[in-house]
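Visitor: Predicted model, plus sequence, below.
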Amino acid sequence: ARKKKKKYKYPFLTMALRKKKIMKLAKGFYGKRNSCWRVARRGVYKKLQHQYNVRRIKRRNYSRLWNQQINAAVQEHGMRYSQFMHYLSISGSGLNRRVLAELAQFEPLSMKSLVDFAKSSRLALDDSSSSSSSSNSVLSIDFPDEFNLDLSDDTQEQYDIIAEEVQSKLQRLYAAEEDEDVIYEQKLQQELEKSKKSDDGIYDRL
C-alpha cells in the first residue's frame, strides 16, 4: 500500500520554506537572479543541472587520465593495458584503476612487480590451457561437495601449481616493498648523520 502524503495544516508554510531554500541556493547570482523569485528559480534549476553534468564529466576525465597513466607505465615493461587489466582481474588482486594510476606515477618499482605478476599469471594460464588441450581434458572450477563432481588428478595438480605460483609472486611483491622501505630508512639515517657531522664541523671552527 502506498504511503499517504502528509497534509499540512498551513500549506503556505511549505511554499515559504521552498522559496527560502531556492533563494539560499541563488545567493551570489548576478542581477535579479538572486532576488527575484521567478528568475532565481530558473537560475537555480539550471545551476543544479550544470552541476550534475559537470560531476559526470569530471569522473569521465579522471577515468581517461587513469587509463593513460596505467597504459604508459605498462608499455614500458612490454605489455598492453588490456592484457594487464585482464590478468590482474583473473589473479584476484583488488586494485582499482585509481590506485594503479597512483602506483604508476609515484611507485614505478611496485608497478613493475605488478606487471611481472600479470605476466607470470598469463604464463601459468597458457601452460595450463596447453596441457589441458593436449590431454583433451577441460579445466573445471572447484565446486562444493553438494554438486558431487569428480575432478581428475591432472586438473587438481594444475590448480595447485597455479595457486603456488600466485602465492610465491605475492610474497615476492610484499618482500620487495619491505626492502624498499628499509633502503629508504637507511638513506634517511645516512643523510641525518652527514648533516650532524657537518654541523659539528661548523661549530668546531667557530
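Guide: Done, it's in. Numbers count the residues shown, from 1 in each chain.

Visitor: Tell me where this protein has helices.
Guide: Shown for the chain, the helices assigned by DSSP state H span residues 11-25, 37-75, 81-91, 97-106, 108-134, 153-205.

Visitor: So for Leu65, what's the pLDDT?
Guide: pLDDT, Leu65: 94.

Visitor: Quick check: closest non-adjacent residue to it.
Guide: Distances taken as C-beta to C-beta, 6 or more residues apart in numbering put Ala101 closest to Leu65, at 7.3 Å, once the chain neighbours are dropped. To be clear about C-beta, it is placed using only N, CA and C from the backbone, and glycine gets the same treatment.

Visitor: Tell me the spacing between the residue nearest to Ala72 when sequence neighbours are not counted and Met85.
Guide: Spatial nearest neighbour of Ala72, chain neighbours left out: Ala104 (7.1 Å); criterion: C-beta to C-beta, 6+ apart. Ala104 sits 13 Å away from Met85, going by C-beta to C-beta, to the nearest Å.

Visitor: who's more crowded, these two?
Guide: Using other C-beta atoms under 10 Å, the more surrounded residue of Ala104 and Met85 is Ala104, with 23 against 18.

Visitor: Now do the contacts for that one.
Guide: Listed by C-beta atoms under 8 Å, 6 or more residues apart in numbering, the contact partners of Ala104 are 69-70, 72-74, 111.

Visitor: again with Asn67
Guide: Asn67 touches 81, 97, counting by C-beta under 8 Å, 6+ apart.

Visitor: swap in the one 10 residues further on?
Guide: With contacts defined as C-beta under 8 Å, 6+ apart, His77 is in contact with 112, 115-116.
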